[in-house]
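Novice: Whatever this is, show me its structure:
(2 chains)
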Number of protein chains: 2
Amino acid sequence: MKIEVFFSPAGVDELSMRGRNVVIIDVLRATSTICTALRNGAREIIPTADIENATKIAANLSGASRLLGGERQGKKIDGFDLGNSPSEYAPERVSGKTIIFTTTNGAGAIYKCRYASTALIGSFLNMSAIVNAIVEIGGTWTILCSGRQGAFSVEDATCAGMIISQVQALTDVDTEDAGLTAVILYKNYKRSILGMMKKSMHGKYLMSIGFGDDLALCSSVDSVPVVPAVNGVEVKLRQPATETASKPEQPS
Amino acid sequence: MKIEVFFSPAGVDELSMRGRNVVIIDVLRATSTICTALRNGAREIIPTADIENATKIAANLSGASRLLGGERQGKKIDGFDLGNSPSEYAPERVSGKTIIFTTTNGAGAIYKCRYASTALIGSFLNMSAIVNAIVEIGGTWTILCSGRQGAFSVEDATCAGMIISQVQALTDVDTEDAGLTAVILYKNYKRSILGMMKKSMHGKYLMSIGFGDDLALCSSVDSVPVVPAVNGVEVKLRQPATETASKPEQPS
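Specialist: Predicted coordinates for the structure are as follows:
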């Protein structure tokens, strides 16, 4: 199996991701929040890169069935129902709802993967579930780290390294410079994922604006064992392969 | 002292580098070759991102005083005098010459730094010389890795980590996610810089096209103790601060 890693979405666009098998990571906090929301019964997440588009989509949906979620500078957007903390996406709040979701890094990275062959949502919370899905689907994979404003983020790269490391425990993996580096990072930090987050630029920023508890939530490996997948414009829990596979063609 | 690292020039442009103190790194091979050429008596290097521009600049210079150097796909460009191997830039070939230089990654990254406050050329070959210059000049620094076609390269990131590590031995350094990661990489590979290069994507490619010897040349720490600096369009050996400093203004 071949896995390559992009440390940020700079230079990545819809066309370069078309036809790939991709895992998108934004550990702090978009992909951790999406896992939590879907596990807690949200019907679907609709990620979008900008606020204007999010409010337009919301205007076309019944007020009772949808919620607006996301952040700018880490904080809830004015007029939105929810911010970007997994703790806000409790069952009583999100069950049965469509969540239109816009964040600074992760939502835009997910949106760029809408023409991918497979696009899954990864985080520490659903580590083993993602690793098993990668091995089950097989082929060549790209791990797209959302990074921070187009630049590198250590928490996403460490998560990518943990995914590769765990896939390597199950099958042979061929990777490249960024993948090798991600694995070295993970081996360096694996005894304290939370400690790594506390040293990271975005972790420090979240602590400074009162979201320090989210670091513990987002570093809890395998606490939310779901596999969210991008289906066109929405993100839903992945269906088992037997339900989504197309029927074999009849011989003519 | 504050040092930040960019793992690739994707998203970097002339304006974002304006006014900064920058070290540009392209270990395999552009910045290693520039150090070697200037140590061997080349008058100056004029880096440019494309072949067309390189030949235009050459047409305006006397044929006896200039050489065209560089690569595409690692190989010498048709009609050029020199490729991108440090071994080609021997004293008898380059002494006294102006070298117009175009390469896939490094030359373009250097060109983007022409409005920087200070822009120095770094590699393993001139490690201590660059570290001493950074500490002497002080302030805030950016290390710009040239990477590989806009993406991450492990040899440039490891070199950035070695620079930070050596500056840290002399003074306090405040860095961020990419800088922390570069230092972890360097600590992982410091016992065998050459071994790291042999595992790198670009190192493997150079070995496959017959430039395996360049990996040993480019991993030889402190073998070429010079400090090349960008001065507008050209790269020359850095002048001591006392010669380049402008005179203090007279009181009016």
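Novice: can you pull out the helices in chain A?
Specialist: Per DSSP state H, chain A carries helices over the ranges A:14-17, A:30-39, A:51-59, A:91-94, A:106-111, A:127-137, A:154-168, A:177-189, A:193-199, A:201-208, A:213-218, A:241-244.
Novice: Can you get me a residue count around the residue lying closest to A:Q166 once chain neighbours are set aside?
Specialist: Nearest residue to A:Q166 in three dimensions, chain neighbours excluded: A:V131, at 4.4 Å (CB to CB, 6 or more residues apart in numbering or on different chains). C-betas here are computed from N, CA, C, even on glycine. By the criterion of other CB atoms under 10 Å in any protein chain shown, A:V131 has 22 neighbours.
Novice: So which bits of chain A are right by chain B?
Specialist: Chain A comes close to chain B at residues A:5-8, A:10-11, A:148, A:150-154, A:157, A:176-178, A:180-181, A:184-185, A:188, A:199-201, as judged by CB under 8 Å from any CB of the partner chain.
Novice: Can you turn the buried part of those residues into a PyMOL selection?
Specialist: The PyMOL selection below is limited to those of these classed as buried (16 or more other CB atoms under 10 Å in any protein chain shown):
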select buried, chain A and resi 5+6+7+8+10+148+151+152+153+154+157+176+177+178+180+181+184+185+188+200+201
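Novice: what pLDDT, on average, does stretch A:9-16 get?
Specialist: Averaged over stretch A:9-16, pLDDT sits at 90.
Novice: nope, stretch A:166-182 is what I meant
Specialist: For stretch A:166-182, the mean confidence score works out to 98.
Novice: Just the buried positions in it, please.
Specialist: A:166-167, A:173, A:175-182.
Novice: now it, how far from the chain's geometric center?
Specialist: With CA atoms, centre = their mean, to the nearest Å as the basis, stretch A:166-182 stands 19 Å off its chain's centre.
Novice: Could you tell me the end-to-end distance of that stretch?
Specialist: End-to-end distance for stretch A:166-182, by CA to CA, to the nearest Å: 12 Å.
Novice: Name the surrounding residues that touch it.
Specialist: For stretch A:166-182, contacts defined as CB atoms under 8 Å, 6 or more residues apart in numbering or on different chains pick out A:1-7, A:127-128, A:131, A:134-135, A:143, A:157-158, A:160-161, A:164, A:183, B:148, B:151-154, B:157, B:181, B:185, B:199-201.
Novice: how many neighbours does the closest residue to A:V224 other than its chain neighbours have?
Specialist: Nearest residue to A:V224, sequence neighbours excluded (CB to CB, 6+ apart): A:L125, at 4.0 Å. When neighbours are defined as other CB under 10 Å, A:L125 has 28 of them.
Novice: A:L125 against A:T33, yeah?
Specialist: No - using CB atoms under 8 Å, A:L125 makes no contact with A:T33, being 9.5 Å away.
Novice: what touches both of these two?
Specialist: A:P86.
Novice: Which residue, other than its chain neighbours, is closest to A:Q239?
Specialist: Using CB to CB, 6+ apart and skipping residues adjacent in sequence, the residue nearest A:Q239 is A:A229, 8.0 Å away.
Novice: need the contact list for the one you found.
Specialist: A:A229 neighbours (CB under 8 Å, 6+ apart): A:118-121, A:235-239.
Novice: for A:D222, same thing?
Specialist: Counting by CB under 8 Å, 6+ apart, A:D222 makes contact with A:125-129.
Novice: for those, which one is nearest B:T103?
Specialist: Closest to B:T103 out of the contacts of A:D222 is A:M127 (40.0 Å), distances taken as CB to CB.
Novice: how close does that closest one get to A:V224?
Specialist: Distance, A:M127 to A:V224, by CB to CB, to the nearest Å: 10 Å.
Novice: Have a look at the two and say which one is more surrounded.
Specialist: A:V224 (23 against 20).
Novice: Which secondary structure element of chain A has the lowest mean pLDDT?
Specialist: helix A:241-244 (a mean of 50; mean pLDDT, DSSP states H and E).
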